[in-house]
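*Asks:* everything below, folded, please.
(one chain, ligands or ions: 1)
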Amino acid sequence: MRRVIIIGGGAAGMMAAIKAAENNSSVLLLEKTNHLGKKLSITGKGRCNITNAADIPEIIKNIPGNGKFLNSVLRAFDSSDVIIFFESIGVKTKIERGRRVFPLSDNAHEVVNALINKMTELGVEIRTNTRVTDILVKAGRVIGVEVGNKAGNKFENADAVILTTGGASYPATGSTGDGFKIAQKLGHTVTEILPALVPLETEENFVKDLQGLSLRNVKVTLLSDDKRIADEFGEMLFTHFGVSGPVILTLSRKAAFLLNEGKTVELSINLKPALTPEQLEARVLRDFEKFKRK
Ligand SMILES: Cc1cc2nc3c(=O)[nH]c(=O)nc-3n(C[C@H](O)[C@H](O)[C@H](O)COP(=O)(O)OP(=O)(O)OC[C@H]3O[C@@H](n4cnc5c(N)ncnc54)[C@H](O)[C@@H]3O)c2cc1C
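*Replies:* I've put the predicted structure just below:
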């Protein structure tokens, strides 16, 4: 029987464990924190947006950067396979606005528990509070992992090791970027890690006075050195530190890249993008007339 060691018990690690065990491997899952799927439990505001029922070309179109890179992965296991898989382990799903797929229970914990139950049913050995520090290589072949802070604590005789330690966001959930260091040590190239899908802090103080104000149907333009970089249309809101909301989260990836290159970044908000300047002027004059006593 093939022996597979999986490093990290998040979404990817648990899925890999189930698939390896279903393919008759003996599986050992090692998780650094005291609980599996900590990040998964907070996804989708606690509801877990499992997948999107869009077709593959549309999903690829919506992935920033090199979306085509994921083509073969998505063809092997697309969103309908995801839905069928979760239904098969007892998670009933529903499709909401924008073809977003959620568990019927609106509870991310149900998703985590279903994955844990399936692993248990398949006999996956799970060890929490076990931090992998290195992947062991012998004669050019991966043979196991080293755990804990003391050298010498090892799990060997592995036919395969799967590295699923997540990214570097929300470190409190366990994903502190260990995997990047481990992969780098094995000779992989690791690009610089930058934030994405995050709110933005602003320098201007007036923004803080607007905290709590949310705007709908606005157009936000990201500018750098006075050049238009990207536009997004939709909702945004002001916070005590800056700006947030769907439009800002989408723009944040590009802002982070520019800031990292030492460039300046500005946001311009068009509050009435659907109106021409003439229509806007007429609207403002009409409002002044209508609300002249306010
Ligand atoms: C607030 C928030 C909301 C989100 N909402 C959604 C959503 O609704 N839908 C969606 O599809 N995605 C969502 N995401 C993204 C999604 O959570 C991640 O893409 C997903 O969790 C990645 O899975 P992963 O298994 O690669 O990594 P993780 O889930 O981060 O799991 C990595 C695991 O590896 C463990 N680990 C790390 N280092 C070691 C080590 N050295 N040894 C042993 N174990 C280690 C960690 O403790 C962790 O348990 C959201 C993310 C956040 C932060």
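*Asks:* quick one, helices of this structure?
*Replies:* For the chain, the helices defined by DSSP state H cover 11-22, 38-42, 56-61, 71-76, 79-88, 108-121, 178-185, 206-209, 246-260, 277-290.
*Asks:* need the winner for burial among the ones you listed.
*Replies:* helix 11-22 (a mean of 20; mean count of other CB atoms under 10 Å). For every residue, glycine as well, the C-beta is placed using N, CA and C.
*Asks:* give me the residues contacting it.
*Replies:* 2, 4, 6-7, 9, 27, 29, 31, 36-37, 39-40, 115-116, 118-119, 122-124, 160, 162, 164, 166 (CB atoms under 8 Å, 6 or more residues apart in numbering).
*Asks:* show me which of the residues you listed are buried.
*Replies:* 4, 6-7, 9, 27, 29, 31, 36-37, 39-40, 115-116, 118-119, 122, 124, 162, 164, 166 (16 or more other CB atoms under 10 Å).
*Asks:* the ligand next: which of those are close?
*Replies:* 7, 9, 31, 39-40, 164, 166 (CB under 6 Å from any ligand atom).
*Asks:* can you flag which of these belong to strands?
*Replies:* residue 7 (DSSP state E).
*Asks:* ok, which pair from the ones next to the ligand among the buried ones among the contacts of helix 11-22 is furthest apart?
*Replies:* 7 and 40 (16.4 Å; CB to CB).
*Asks:* which of the helices of the chain has the lowest average pLDDT?
*Replies:* Ranked by mean pLDDT, these end with helix 206-209 at the bottom, a mean of 91.
*Asks:* let's see that helix as PDB, backbone CA atoms only.
*Replies:* Provided in PDB are the C-alpha atoms of helix 206-209 (Å, rounded to 0.1, in the frame of the first residue of the first chain):
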ATOM      1  CA  PHE A 206     -11.400  63.100   6.000                       C
ATOM      2  CA  VAL A 207     -12.000  59.400   5.100                       C
ATOM      3  CA  LYS A 208     -12.300  58.500   8.800                       C
ATOM      4  CA  ASP A 209     -15.100  61.100   9.200                       C
END
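*Asks:* and the gap between the closest residue to residue 117 other than its chain neighbours and residue 192?
*Replies:* Leaving aside its sequence neighbours, residue 117 sits nearest to residue 89 (CB to CB, 6 or more residues apart in numbering; 7.2 Å). Separation of residue 89 from residue 192 (CB to CB, to the nearest Å) stands at 37 Å.
*Asks:* neighbour-wise, which of those two wins?
*Replies:* Just comparing residue 89 and residue 192: by other CB atoms under 10 Å the higher neighbour count belongs to residue 89, 15 against 6.
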